[in-house]
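Enquirer: Predicted model and sequence below, questions to follow.
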Amino acid sequence: MRAAVVRNEAVMNEPAADAIVEVRGISKTYGGVEALRDVDLDFPRGKLTSLLGPSGCGKTTLLKIIAGLIDADRGSVVVNGKKVSAPGPERAFVFQDFALLPWATVLRNVAFGLELRGTAKEEREAIARRYVADVGLAGFEDKYPHELSGGMRQRVGLARALCVDADVLLLDEPFSAVDEQNRRKFQEDLIRLRTNQNKTFIFVTHSIEEAVYISDRIVLLSPRPGRVSRIIEPDIDRSGDPDRIHRDKHYLDTVEEIWQGLKQYVE
Amino acid sequence: MVAGTEVGRTAGVAPLSRNAQAVRLFERPIVLRLVSIGLFAAAWQIAGLIPVSFAFPTFSDTMAAFVRMMADGSMVTAYGSTLQPLILGVVLATFAGVGIGTLCGLWRPGEWLLIPVFIVLQAAPVAAFIPLVTFIYGIGMTAKTLAVIILALPVIVLNTYKAVRNVNGSLLVMSRSFMGTRWQEVFKIILPDASPVIFAGLRLGVAAGFVGVVLAELLITPTGIGDLITFARSRADYAGMYATIASVIALSTVTLVALQWIEVRVFRPEKRGG
């Protein structure tokens, strides 16, 4: 019985059938430390791909390079067939530290991406109200970030990214500053949101369980220098009760398999 | 610990007992403020009755003098000539100060050129420059306005500069990721984020502006409030002198409170009621 489809390097370098984001030969060195070396990756359209690895493997760096927030030393990023080197409307970022405006209400924060694009106030607030409800924050539109819990703040961050209607959502350890109970609830909601949003998610995490729980595809990165070590496609049925996944045999086997693979990098 | 919590909770739920009601009343900020002012007035009254010095009037005499000076128009005329350079100077110092501070925070050459000047100005006993201002600009409006500006400007510039330099970097990255322009970054992120520290500087700057205008009127041009103080003193009208001084302090306080109100209303609504 196969717990996951494991692809080897040869298969990996072939372009996927429909890759929305293509990473080609990306290398990045920070002050003498080689964060990424020659990374080639494809992110299939409509899927949730996790970048997983121990700290120092360059997963956040790779995500920020895809976002256009950091310049790579070598290599290129292609989104929707076009080479990109700066942030663009087809990508939206969800930040680890939420990055909400403390002086703005939930509604204004959610609409802020549209505000920067010059969308008229009424129009952007109507759109924002819809996404505030979608992430489960209806009724909190006029609250300020300091009145919300960590989990709710990150929902605001997610709604803001959804609001600009980008094709690709880039999430940088979105749950690391959220407490365990809220994280579980949020992960369940993310699975549900994914099915109605039809977007491509690229998700950075250091939690094996989280990656297996939510991802269609997991890219394992090895540290120093960051390179792609394996790609795993967990074969898990996510329809039905989300709590069932945690007891699913494939889920548990995949978690174990990844842990065995990553163990060598943990000192 | 547990017992203490219980007691606290009971006091909160049962507003029937008179004791608890009295405690409630004292928890209201407005009540506490009035009590504070009342205690101050009482202490002043007692000190004046002892008397501490023959030149120290009681609170009631001072208030009577205030009413008299308002009625005969001398106070109104004095403020008429003091407020003009004060308001002009404070407004100019506010806009110039926030502008220069923001520029220095965003633009390295500006920082290197201008910030040392303002650090020196802030460290220097600027009041000593006021006679110099008289040499150059005479004894009119210009001299008084300049006195206000040179006292108010450095602290406004330096606070704005520091606030802009220490802006929350992750908000800037966020703005960039949603393709915000440089102007949007300045007006939608940097200035609101910096506003608490900028307003702290404005409060200090406005207070310094009051110092500047009174100093100018005492040292250079015998007009306005400064003249009223000097004149009352020369006639040994100590109640009048104290009334004038107290009125300046009251006006300065009211201005600072108004400034805080503007800050919370316009720039940082999340701090309302907090």
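Expert: Nice, I can see it. For clarity, every value in this text was computed on a predicted model and none was experimentally measured.
Enquirer: Please tell me how far residue B:128 sits from chain A.
Expert: Distance, residue B:128 to chain A, by CB to the nearest CB, to the nearest Å: 40 Å. Where you see a C-beta, it was placed from the backbone N, CA and C, and this is true even at glycine.
Enquirer: helix/strand/coil for the residue nearest to residue A:206 when sequence neighbours are not counted?
Expert: With CB to CB, 6 or more residues apart in numbering or on different chains as the criterion, residue A:206 has its nearest non-adjacent residue at 6.3 Å, and that residue is residue A:55. Going by DSSP: H, G, I helix; E, B strand; the rest coil, the secondary structure assigned to residue A:55 is coil.
Enquirer: Need phi/psi at residue A:55.
Expert: Phi and psi for residue A:55, reported as degrees, to the nearest 10, are phi -60, psi 140.
Enquirer: tally of neighbours for it?
Expert: Residue A:55 sits with 11 neighbouring residues when counted by other CB atoms under 10 Å in any protein chain shown.
Enquirer: shaky segments in the chain?
Expert: Reading this off chain A. The model of chain A has pLDDT under 70 over residues A:1-17, A:267.
Enquirer: meant chain B actually
Expert: Checking chain B against pLDDT under 70 turns up B:1-26, B:273-274.
Enquirer: Show me the domain layout of it.
Expert: Chain B is divided into the following domains under automatic domain parsing: B:2-49, B:59-271.
Enquirer: pull the CA atoms of the helix or strand hosting residue A:161 into CSV?
Expert: Element membership for residue A:161 (DSSP states H and E) is helix A:150-163. Taking C-alpha atoms only, helix A:150-163 is exported to CSV below (Å, rounded to 0.1, in the frame of the first residue of the first chain):
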residue,chain,number,x,y,z
GLY,A,150,-4.1,35.9,17.1
GLY,A,151,-6.2,33.5,15.0
MET,A,152,-8.7,36.1,14.1
ARG,A,153,-5.9,38.6,13.1
GLN,A,154,-4.6,36.0,10.7
ARG,A,155,-8.0,35.5,9.3
VAL,A,156,-8.0,39.3,8.5
GLY,A,157,-4.6,38.8,6.8
LEU,A,158,-6.0,35.9,4.7
ALA,A,159,-9.1,37.9,3.8
ARG,A,160,-6.9,40.8,2.7
ALA,A,161,-5.0,38.5,0.4
LEU,A,162,-8.2,36.9,-1.0
CYS,A,163,-9.7,40.4,-1.5
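Enquirer: tell me what the helix or strand following that helix is packed against?
Expert: Next along the chain after helix A:150-163, taking DSSP H and E as the criterion, comes strand A:168-172. Contacts defined by 3 or more CB pairs under 8 Å, 6 or more residues apart in numbering or on different chains; DSSP states H and E place strand A:168-172 against helix A:59-67, strand A:91-94, helix A:150-163, strand A:200-205.
Enquirer: and the domains of chain B, which is most packed in?
Expert: Burial of the domains of chain B is given as mean neighbour count (mean count of other CB atoms under 10 Å in any protein chain shown); domain B:59-271 ranks first at a mean of 18.
Enquirer: can you tell me the distance between the two ends of that domain?
Expert: End-to-end span of domain B:59-271 (CA to CA, to the nearest Å): 36 Å.
Enquirer: what separates that domain from the chain centre, distance-wise?
Expert: Mean C-alpha position of domain B:59-271 versus that of the full chain (CA atoms, centre = their mean, to the nearest Å) differs by 7 Å.
Enquirer: Any residues of chain A in contact with chain B? List them.
Expert: A:67-69, A:87-89, A:91-93, A:95, A:97, A:99, A:101-103, A:112-113, A:115-117, A:144-146, A:160, A:164 (CB under 8 Å from any CB of the partner chain).
Enquirer: ok, 6 Å please
Expert: Within chain A, the positions near chain B by CB under 6 Å from any CB of the partner chain are A:67, A:69, A:87, A:93, A:97, A:99, A:102, A:103, A:113, A:116, A:144.
Enquirer: which of those are buried?
Expert: Among those, the ones that count as buried by 16 or more other CB atoms under 10 Å in any protein chain shown are A:67, A:69, A:87, A:93, A:97, A:99, A:103, A:113, A:116, A:144.
Enquirer: quick check, nearest of the residues you listed to residue B:123?
Expert: Using CB to CB, residue A:103 is the member of these that lies nearest residue B:123, at 32.9 Å.
Enquirer: where does chain B come near chain A, residue by residue?
Expert: B:170, B:171, B:174, B:177, B:178, B:179, B:180, B:184, B:192, B:268, B:270.
Enquirer: With secondary structure added, can I get these in a markdown table?
Expert: Formatted as a markdown table, those follow (three-state DSSP):
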| residue | secondary structure |
| --- | --- |
| B:170 | helix |
| B:171 | helix |
| B:174 | helix |
| B:177 | helix |
| B:178 | coil |
| B:179 | coil |
| B:180 | coil |
| B:184 | helix |
| B:192 | helix |
| B:268 | coil |
| B:270 | helix |
